[in-house]
Structures are given as structure tokens and as C-alpha cells.
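Chemist: Quick check, what structure comes out for this input:
(one chain, ligands or ions: 1)
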Amino acid sequence: MSDKKKTILEVADVHLKYSFYRSQAMKEVILQRKRKEKKVFEALRGISFSLDSGMNLGVIGSNGSGKSTLLRVLANTLFPDSGTVINRAKSVSLLSLGVGFKPDLTGHENIYLNGLLLGLSQKDLKERMTEIIAFSELGDFIGNPVRTYSSGMRSKLAFSIAVNVDPDLLLIDELFSVGDERFKEKSRKKMESMILDDRTVVMVSHSMDMIRHYCQKVLWIEHGIVQKHGDPETVTEAYLKYMSTNNH
Ligand SMILES: Nc1ncnc2c1ncn2[C@@H]1O[C@H](COP(=O)(O)OP(=O)(O)OP(=O)(O)O)[C@@H](O)[C@H]1O
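Modeler: I've put the predicted structure just below:
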């Protein structure tokens, strides 16, 4: 029980800026002129919160408010410019479309690579490989390069890896079901059982029903700034009220 009360995530004053050129063409023009005109966009502007082990945190906010960026920071695939993230989870997995596959490697090789990146030992990977392949339903395609997969096949593979590594911190970026109807139902059930067990979950969603149903805490961010953090009813109500007005 005492383990359940442990604070698994401590995020303090996190700032993150993206810097980019307006377009490839613009980049070339700028380089030709030898002028550096990079654009900078501050996506996270002082995010702070903490989360106890075993809790489900919902992250809400309008399009472009910084939710996916925050998840990627928690997953350690993006690094803040300032602030600190203390993550005490032993294994973290980010469930999101477009997670990194190496297109020239086979499905099998990509499972191996992603498994290692997600912190699985070679022994764990060996044990889970059969399960991951079976769950993905890719059959013999698992031996083909990922670049030859359809987008549905890629999603199935990504989903199967993310759920079968059994992470103690699961990050979900608005992805509750993938693939065809049958796989959708299977992945929805698997997802639900993972959310409802005692693992820690951070989920981004635009569905307030989903957030209220699964989360004990909600973080609302807008323009990269925390607007409210607290119980689902209060925070979702404030967010819906904000969204129903036009002054933002
Ligand atoms: N690679 C990038 N380069 C430059 N700007 C980026 C990049 N990725 C995201 N942004 C900007 O950062 C802001 C936050 O993006 P993010 O994807 O985190 O938003 P979000 O809240 O997840 O949005 P949505 O609900 O639409 O998925 C947006 O304004 C977006 O344009």
C-alpha cells in the first residue's frame, strides 16, 4: 500500500521551445542569404504538477495547447529547455500514432529495437516477443520491412509493442483503438484493462466523457500554461465553459 502513495512524477517549471524554419523553401532562401531567421515557438511555458503512483491523470486543452509535447517530455523523447522532470517509473511507454519505426527493418526487428528502447531486457524481450507478434495479428508480415506496411498494420504493431511491454507508467496520446473493427475492439479492451489496473496513466483526450470515466485527476493546459489542476468534474467543467466562449 505504501508503494501506491509514492510520487511517481514530479514536473517543475518546465519550459520547451520548438525552433524551426517556416518551410524548407524558406530555409534555403535564408541559407543562401546567410541570414538566420529561425522561428521559435514556446510550446510549454512553466508546467508544474506531480502525480502519485497508481493514479490516472487526464490532460486536456484546446488544439495546439501543448498536450502531446508534454507527453513526449514525460516519455523522455523531448527535452525541456528549463525546469525539471523527475520520473520514478521503472518503465514508461508512450502510446501514440507515429512512434518511431525504422522503415527498412522488419516488424520483428522493430519490436526488438523498440523493446530495448522502452527498457526491456533481452530476456524479457524474448519472453514477450511471441505475445507481441500474436497480439499484432501481422502473421508472416512480421518478417517484412515496416516500409511495406499499411498504416493500419503499423498502428497495430505500435499498439502491440506499447501494451505488451507492461509499463508502470503508460502515456496515451488520444489513441484508444486502432486497426480494423475487430482489432479496435480488442485494443480498446486491452487499453481499458491497463487503465483500470493499478498502473499510473497519463492520458491526453478531447473526450471529457473518457476523462471523467477513467481519471482521478485532470490537468488543463492552454498555450503551454497550466490553467487548472484538480478533480475531473471541476477541471472539465471549467474547460468546457472556456471552450464555449469565443475569447481565446
Ligand atoms: N516540431 C514542431 N515544430 C514547431 N512547432 C511545433 C512542433 N510540434 C508542435 N509544435 C507546436 O507546439 C504547439 C503544441 O503542439 P502539441 O502537438 O503539443 O499540441 P496538442 O495540445 O497536443 O494539440 P492537439 O490537441 O491538436 O493534438 C502547437 O502550437 C504546435 O504548432
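
Chemist: Report how many residues lie close to residue 51.
Modeler: 22 (other CB atoms under 10 Å). C-betas here are computed from N, CA, C, even on glycine.

Chemist: right, I mislabeled it, should have said residue 18
Modeler: 12.

Chemist: tell me the SS of it?
Modeler: When classified by DSSP: H, G, I helix; E, B strand; the rest coil, residue 18 comes out as strand.

Chemist: my guess is it contacts residue 40, does it?
Modeler: Yes. Under the criterion of CB atoms under 8 Å, residue 18 makes contact with residue 40 at 7.2 Å.

Chemist: Now residue 173: closest residue in space that isn't a chain neighbour?
Modeler: Once flanking residues are discounted, residue 173 sits nearest to residue 96: 3.7 Å by CB to CB, 6 or more residues apart in numbering.

Chemist: what's the spacing between the one you found and the ligand?
Modeler: Remark: distance between residue 96 and the ligand (CB to the nearest ligand atom, to the nearest Å) = 10 Å.

Chemist: how about low-confidence regions in the protein?
Modeler: Residue ranges of the chain with pLDDT under 70: 1-5, 22-37, 97-99, 175-177, 246-248.

Chemist: Please parse the protein into its domains.
Modeler: 14-89+169-176+199-247, 96-167 (the TED database).

Chemist: Residue 186: which of these is closest?
Modeler: Proximity to residue 186 (CB to CB) singles out domain 96-167 among the domains of the chain, at 8.0 Å.

Chemist: Show the end-to-end separation of that closest one, please.
Modeler: End-to-end distance for domain 96-167: 14 Å, by CA to CA, to the nearest Å.

Chemist: thinking again about what came up before, I figured the residue nearest to residue 173 hits residue 68, correct?
Modeler: Yes. Between residue 96 and residue 68 there is a contact under CB under 8 Å: 7.2 Å.

Chemist: Return the set of residues that bridge with residue 44.
Modeler: Beta bridges link residue 44 to residue 16, judged by DSSP bridges.

Chemist: Counting neighbours, what do you get for it?
Modeler: For residue 44, the count of nearby residues is 27 (other CB under 10 Å).

Chemist: For it, which residues are in contact?
Modeler: 14, 15, 16, 66, 69, 70, 73, 80, 224 (CB atoms under 8 Å, 6 or more residues apart in numbering).

Chemist: got these as CSV, with secondary structure columns?
Modeler: Formatted as CSV, the contacts of residue 44 follow (three-state DSSP):
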residue, secondary structure
14, strand
15, strand
16, strand
66, coil
69, helix
70, helix
73, helix
80, coil
224, coil
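
Chemist: ok, the residues you listed vs the ligand, which is closest?
Modeler: Distance to the ligand across the contacts of residue 44 (CB to the nearest ligand atom) is lowest for residue 69, with 3.4 Å.

Chemist: so is residue 218 in a helix, a strand, or just coil?
Modeler: Assignment for residue 218 (three-state DSSP): strand.

Chemist: Can you give me the neighbour number for the closest residue to it other than its chain neighbours?
Modeler: Nearest residue to residue 218, sequence neighbours excluded (CB to CB, 6+ apart): residue 235, at 3.9 Å. Using other CB under 10 Å, the number of residues around residue 235 comes to 23.

Chemist: residue contacts, the residue nearest to residue 173?
Modeler: Contact analysis of residue 96 by CB under 8 Å, 6+ apart lists 68, 71, 158, 171, 172, 173, 174, 175.

Chemist: buried subset of the residues you listed?
Modeler: Neighbour-count burial (16 or more other CB atoms under 10 Å) is assigned, among these, to 68, 71, 158, 171, 172, 173, 174, 175.

Chemist: Now the nearest residue to residue 89 once chain neighbours are set aside: phi and psi?
Modeler: If the residues on either side of it in the chain are set aside, residue 89 comes closest to residue 169, at 3.5 Å by CB to CB, 6+ apart. Main-chain dihedrals, residue 169, degrees, to the nearest 10: phi -120, psi 120.
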